[in-house]
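Colleague: Okay, here's the prediction I keep looking at, along with the sequence it came from:
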Amino acid sequence: MKTVTLIPNEKQRLFFESTAKYTAYGGARGGGKSWAMRVKLILLALNYAGIQILLLRRTLPELRENHLIPMRKMLDGIADYSATEKEFRFVNGSRIRLGYCDSESDVLQFQGQAYEVIGMEEATHFTEFQFQALTESNRASGYMSRKFVPRMYFTCNPGGVGHEWVKRRFIDREFRGSEKPEDYLFIKSLVFDNSFIMNNNPEYIDALMNLPEARRKAMLYGDWDAFEGAFFPEFDPQRHVRQNVELPQGGLRFRALDYGLDMTCCLWCCVDQDGRVTVYRELYESGLLLSEAARKIIDATDKNETVRYTVASPDLWNRRQETGKSGFEIMTGTGLKQMIKADDSRITGWRIVREYLKSGSDFGAEPKLVIDSGCRNLIRCLPLLRFDERVKEDAANYPHELTHAPEALRYALMSRQPHPVPKREQSSPGIYAFADRACKSDGYEEFLAY
C-alpha cells in the first residue's frame, strides 16, 4: 500500500477543515495555494465514496503544470488517470475531473453536470459570469452513498479579471440578494506562512520585495486595494449603449478589425460631422481562417452601404510562413478592399478610447462614442478589461478572449485622429483633416474634410 505523508502549515490546515459553502484561500504569492487545493480535493475523494469533483484553471498549460503533473505523481497507485476524460478515478467511485475555461464561454460546457465540489484555482482569473455559471453545477450528483453538502473552494491572489467579484464577497464582505455572510470564509495565507519556502528558498522573499510597489503590496502582503479595478470606469451602459441606433445622414462608415484564429472581431462604425462615432454592428467569431473572416465581413456588410475603409491590426501585413502571403494579401484577395494599417500605439490608443467614453459626462451632453445594443461582445468586454499589473497605463492582455473587441475599438478611434493636411493640400493655416490611411498598394489615398 502506498503511503503519502502530508504536513500542512496552520493556514492550510484551516483550509482542509473548512466546510463553508464557499472557502477562499491565499491572497498572495508563495502561500502554498496549489498544493492546498489539490490535497484538499484528494482527501475529499478518498473520504467520500462516489463524490464528484471538478478542478479548474483558466488555461490548459496552467492546469497541466500546476495540477495534472503533480497529481499524477501523487496518485500513482492510488487512482487511475484517464487522459481522454482528463480525470482521476478512485476505487471507491469518486472522481476528480480536471478542466479549464480559456474563453468565457468555455464554462458552458459544464452546464447540466453535477459536482458536489468545485475547485477554482486562481479564482481571480475567472470572470464573475464564469463563477456564477459554475454555481449552477455545484449540486448533488446522486453517486454518493452518504449525505454531503455541496461546496466550492477557491485559491486566489489580488488582481486579474475576477478581482472585483472575489474582493466583494471574501474581503469586503459586501453581500447582495440571497448571499449569506456565513457561507463565505477567507483564509489569508502569505509566503511567510509557507515553511517550505522559508526553509528552502528564502531568496524568494527578495524577489517579491523587488516588485513594483503596487504589485509588491498585493503579492507579498496580500493587499487587495493595491490594484485598480476596471480599466474603463468611464464606460456606462446607460450613457453609451443605445437600442436600434440611427446613423447620421451622410456619415462616413468604416470598419475596424482585430483578427485572430482564436477570435475575429470586426466593428462597423459611423462618424458624423462633429466627430461622434457610432458602433452599429459587430462580427465576433472564433476559428475563422483569414479568407473565411474576410468573406464573413463582406457578407455581414449591407450591399447598399458604402464602407470607406477597414482599419486592421498591423500584424496582418506580416507574411505567413505557411503560405508566403500576408494576411492583408489573403483578405484583400478574397474581396475585402481598402484595408489600412491601424496605429497600434497602445497607451496613446487607450487614452483616446477613454476620452471618447468620458466626453460629455461632466455636462450631461451626448458622449462622442455610442454603441448599438446589438454589439453584445463589445459591451460585455469593455467593463471586464483590467489594468496591466506591470505597465501602469496599459490594459491587461489576459484573459485574451476579452481583449479582441476593445482592441478593435482602439483601432477604430485611432483611425479618426487628426493629421495635418500636406502643405499642397492646405487652403488656410490651422486646417486639419482626418487621413484615411489606405494601403498605397491599392492606389487609394484620400484626405477627408471631416
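Modeller: Right, received. Where do you want to start?

Colleague: Give me the neighbour count for the nearest residue to residue 192 once chain neighbours are set aside.
Modeller: Nearest residue to residue 192, sequence neighbours excluded (Cβ to Cβ, 6 or more residues apart in numbering): residue 198, at 6.8 Å. No exception for glycine: its C-beta is placed from N, CA and C like everyone else's. Neighbours of residue 198 under the rule other Cβ atoms under 10 Å: 15.

Colleague: is it true that residue 67 touches residue 33?
Modeller: No: with contact defined as Cβ atoms under 8 Å, residue 67 does not reach residue 33; the gap is 11.3 Å.

Colleague: I'd like the next helix or strand past the host helix or strand of the residue nearest to residue 192.
Modeller: For residue 198, the host element (DSSP states H and E) is helix 195-200. Using DSSP H and E, the helix or strand that follows helix 195-200 in sequence is helix 203-209.

Colleague: Could you name the helices and strands sitting against that next one?
Modeller: The contact analysis (3 or more Cβ pairs under 8 Å, 6 or more residues apart in numbering; DSSP states H and E) places helix 203-209 against helix 213-221.

Colleague: got the contact list for the helix it packs on?
Modeller: 28-29, 157-159, 190-191, 205, 208-211, 223-224, 226-227, 389-390 (Cβ atoms under 8 Å, 6 or more residues apart in numbering).

Colleague: Mean confidence (pLDDT) on it, please.
Modeller: Helix 213-221 carries an average pLDDT of 82.

Colleague: in that helix, what's buried?
Modeller: 214, 215, 217, 218, 219, 220, 221 (16 or more other Cβ atoms under 10 Å).

Colleague: Not counting its own residues, what contacts the helix holding residue 198?
Modeller: Applying Cβ under 8 Å, 6+ apart, the external contacts of helix 195-200 come out as 9, 30, 32, 191, 192, 204.

Colleague: Lowest pLDDT pick from those residues?
Modeller: residue 30 (85).

Colleague: number of nearby residues for the nearest residue to that one once chain neighbours are set aside?
Modeller: Computed as Cβ to Cβ, 6+ apart, the closest residue to residue 30 that is not its neighbour in sequence is residue 191, at 3.2 Å. Residue 191: 22 surrounding residues under other Cβ under 10 Å.

Colleague: So between residue 67 and residue 33, which is more surrounded?
Modeller: Each of residue 67 and residue 33 has its neighbours counted (other Cβ under 10 Å); residue 33 has more, 26 against 22.

Colleague: how close does that one get to residue 209?
Modeller: Distance, residue 33 to residue 209, by Cβ to Cβ, to the nearest Å: 20 Å.

Colleague: How about residue 145?
Modeller: 51 Å.

Colleague: low pLDDT regions in this structure?
Modeller: The model of the chain has pLDDT under 70 over residues 1, 4, 227-229, 321-322, 361-364, 419-450.

Colleague: Wait, the residue nearest to residue 30 touches residue 208, no?
Modeller: Yes: using Cβ under 8 Å, residue 191 is in contact with residue 208, at 6.7 Å.

Colleague: what touches both of the two?
Modeller: What both residue 191 and residue 208 touch, as defined by Cβ under 8 Å, 6+ apart, is the set 29, 30, 220.

Colleague: which residues does the second one contact?
Modeller: This means residue 30. Per Cβ under 8 Å, 6+ apart, neighbours of residue 30: 190, 191, 194, 197, 204, 208.

Colleague: do the same with residue 68
Modeller: Residue 68 touches 86, 98, counting by Cβ under 8 Å, 6+ apart.

Colleague: so it, which of the three states?
Modeller: When classified by DSSP: H, G, I helix; E, B strand; the rest coil, residue 68 comes out as helix.

Colleague: and it, how far is that from residue 376?
Modeller: Residue 68 is 34 Å from residue 376, by Cβ to Cβ.

Colleague: what does residue 341 give?
Modeller: From residue 341 to residue 376 the distance is 28 Å (Cβ to Cβ).

Colleague: So for these two, which sits in the more crowded spot?
Modeller: residue 341 (18 against 13).

Colleague: Show me what the lengthiest helix in the chain is packed against.
Modeller: The longest helix of the chain (DSSP state H) is helix 33-47. In terms of contacts (3+ Cβ pairs under 8 Å, 6+ apart), helix 33-47 is packed against helix 10-17, strand 22-26, strand 52-57, helix 69-74, strand 87-90, strand 95-100, strand 117-120, strand 151-156.
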